[in-house]
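Asks: Just to be clear, the model below is a prediction. Sequence and coordinates:
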Amino acid sequence: MADAEPWKTVTIPPIVQELVTSVQEPPSRYVIPEQNRAALAGSEMLDPIPIIDLSRLSSNADEVSKLRSALENWGLFLAVGHGMEPGFLGEVMKVTRDFFKLPLEEKQKYSNLVNGNEVRIEGYGNDMVVSEKQILDWCDRLYIIVEPESRRIDSLWPTQPPSFRDVLSEYTVRCRNIANLFLENLAKLLNLREDYFVDMFDEDSLTYARFNYYPHCPKPDHVLGMKPHTDASVITIVFIDDNVSGLQLQNNGVWYDVPIVPNALLVNVGDVMEIMSNGFFKSPVHRVVTNAEKERLSLVMFYTMGPEREIEPLSELVDEKTPVRYRKIKTNDYIATLFETFARGTLAIDAVKI
Ligand SMILES: O=C(O)CCC(=O)C(=O)O
Ligand SMILES: [Fe+2]
């Protein structure tokens, strides 16, 4: 390891929502190095992220070429025509907001701590802290497996607010339709059979829902809501609070603010798709900045392959002219790499590039 100090699992970070009520300034462990601070302001996009109407994808060649260019330039797009009514999306955001408004003791029933000191992926809390030097994110989260139903951990599904479970179950089904449509279009763009990726998802493939809560932050120019990262998923669907911006996207070394488009969902390629497509699709680097006055919420659906499945560039996409660009790795090992690299502030995908 490049670091002089060994990395070890250390303290459990506090719940930021509680912390913000008792401090004037973010503690030093949240403060990013001085040289990175000026760069927190995002640039406005000159060529904005395309808005794709999903209901037109099957019948309109222009919409498909817009999708292709969105993926080539950004690795993501904003989806409209996804079939979810504004009223339903409003309910999804409301149960999310109401969950984080619950008293701490109620939320702690779903804690991500096991025996009070070990952190697991699922549950309510923060990320794993692997180093005293790790810069912490100004963000609390609730992480749960939503698919397949057989893998849901009932005790980690909130019972408050009362409609939480029903709303999340319905959202899961409706997002799956969007995910499948996106996967079909990705396959077509790679000249593969339409069902190629959809068929790869089996009973072992897990979909995680991550509810992110970013409290207002007394020093937004010193602290990140979420550090720069790419998603370890095959694909990701993000539903963002339309009240507060904060998501930024890196392109050619410049950070851009992702604009808010009410009722649109952000859909992006993840690292597994980058690997399987042998780099044809790129998993976008993104981060979240904080806001001095407002709290912010997002709900992220991560579509992943089974934990034991090996990920590698598809043989159909490799030949003499296009050699393999990524090493083979098991999903589980890749997710572990992601948590480790995220904590260190580096990118997991770089660890498997050849
Ligand atoms: O809050 C957001 O807008 C994005 C969050 C995100 O990138 C993630 O949870 O992986
Ligand atoms: Fe992300």
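Replies: On my side now, so go ahead. Numbers count the residues shown, from 1 in each chain. Ligands and ions are numbered 1, 2, ... in the order given.
Asks: Give me every residue in the stretch 151-300 of the chain lying close to ligand 1.
Replies: Arg210, Asn212, Met226, Asp231, Val238, Ile240, Leu247, His286, Val288, Ser298, Val300 (C-beta under 6 Å from any ligand atom). C-beta coordinates here come from the backbone N, C-alpha and C atoms, glycine included.
Asks: Provide a list of residues in contact with the fourth one.
Replies: This means Asp231. Going by C-beta atoms under 8 Å, 6 or more residues apart in numbering, Asp231 touches Asn268, Gly270, Asp271, Ser283, Phe302.
Asks: Which of the residues you listed ranks first by neighbour count?
Replies: With neighbours taken as other C-beta atoms under 10 Å, the top of the contacts of Asp231 is Ser283, carrying 28 neighbours.
Asks: How about the contacts made by that one?
Replies: Neighbours of Ser283 in contact, by C-beta under 8 Å, 6+ apart: Gly75, Thr230, Asp231, Asn268, Val269, Gly270, Asp271, Met273, Glu274, Ile349.
Asks: quick one on the thing from earlier: nearest to Tyr110 among the contacts of Asp231?
Replies: Comparing these against Tyr110 with C-beta to C-beta picks out Phe302 as the nearest, at 18.0 Å.
Asks: what does whichever strand or helix holds the closest one contact?
Replies: Using DSSP states H and E, Phe302 falls within strand 296-303. Residues from elsewhere that reach strand 296-303 (C-beta under 8 Å, 6+ apart): 92-93, 96-97, 100, 146, 171-172, 175, 179, 201, 205, 207-214, 225, 231-241, 243-244, 246-247, 270, 288, 290.
Asks: can you give me the strands in the stretch 1-150 of the chain?
Replies: Assigned by DSSP state E, counting those that start in this stretch, the strands in the stretch 1-150 of the chain fall at 51-53, 76-80, 113-114, 118-119, 123-125, 140-147.
Asks: got those as a markdown table, with distance to Lys321, mean pLDDT and mean neighbour count columns?
Replies: Shown next, in a markdown table, are these (distance: least, C-beta to C-beta, whole Å; pLDDT from 0 to 100; neighbours: other C-beta atoms under 10 Å):
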| stretch | distance to Lys321 | mean pLDDT | mean neighbour count |
| --- | --- | --- | --- |
| strand 51-53 | 30 | 96 | 18 |
| strand 76-80 | 28 | 96 | 22 |
| strand 113-114 | 49 | 84 | 12 |
| strand 118-119 | 45 | 78 | 15 |
| strand 123-125 | 47 | 94 | 23 |
| strand 140-147 | 38 | 96 | 21 |
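Asks: CSV please, covering the ones you listed and showing distance to Leu186.
Replies: CSV is the format used below for those (distance: least, C-beta to C-beta, whole Å):
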stretch, distance to Leu186
strand 51-53, 13
strand 76-80, 12
strand 113-114, 36
strand 118-119, 33
strand 123-125, 31
strand 140-147, 19
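Asks: so which of those strands comes closest to Pro218?
Replies: The minimum distance between Pro218 and the strands of the stretch 1-150 of the chain falls on strand 140-147, with 16.3 Å, by C-beta to C-beta.
Asks: Now whatever helix or strand comes next after that closest one: buried residues?
Replies: Next in sequence after strand 140-147, counting helices and strands by DSSP H and E, comes helix 164-189. Using 16 or more other C-beta atoms under 10 Å as the test for burial, helix 164-189 gives 164-165, 167-168, 171-172, 174-176, 178-179, 181-189.
Asks: Give me the helices and strands touching helix 164-189, please.
Replies: Under the contact definition 3 or more C-beta pairs under 8 Å, 6 or more residues apart in numbering; DSSP states H and E, helix 164-189 sits against helix 61-73, helix 86-101, strand 140-147, strand 207-214, strand 235-240, strand 265-269, strand 296-303.
Asks: so which residue of the stretch 1-150 of the chain comes closest to ligand 1?
Replies: Arg141 (7.5 Å; C-beta to the nearest ligand atom).
Asks: Please tell me I have it right and that residue contacts Phe211.
Replies: Yes - at 6.2 Å, Arg141 counts as touching Phe211 under the criterion of C-beta atoms under 8 Å.
Asks: how many other residues sit next to Ala336?
Replies: 14.
Asks: begin at 178 from here
Replies: Yes, from this point I'll number from 178; that puts the last item at Ala513.
Asks: got the contact list for Asn428?
Replies: Asn250, Trp251, Pro461.
Asks: Now the last one: closest residue in space, sequence neighbours ignored.
Replies: The one in question is Pro461. Gly252 (3.6 Å; C-beta to C-beta, 6 or more residues apart in numbering).
Asks: What pLDDT does the model give the one you found?
Replies: With respect to pLDDT, Gly252 scores 94.
Asks: Report the separation between it and Met450.
Replies: To Met450, Gly252 is 9 Å away according to C-beta to C-beta, to the nearest Å.
Asks: Compare these two and say which one has the larger neighbour count.
Replies: Ranked by neighbour count (other C-beta under 10 Å), Gly252 and Met450 place Met450 first, with 27 against 23.
Asks: Having no further points to raise, I will conclude here.
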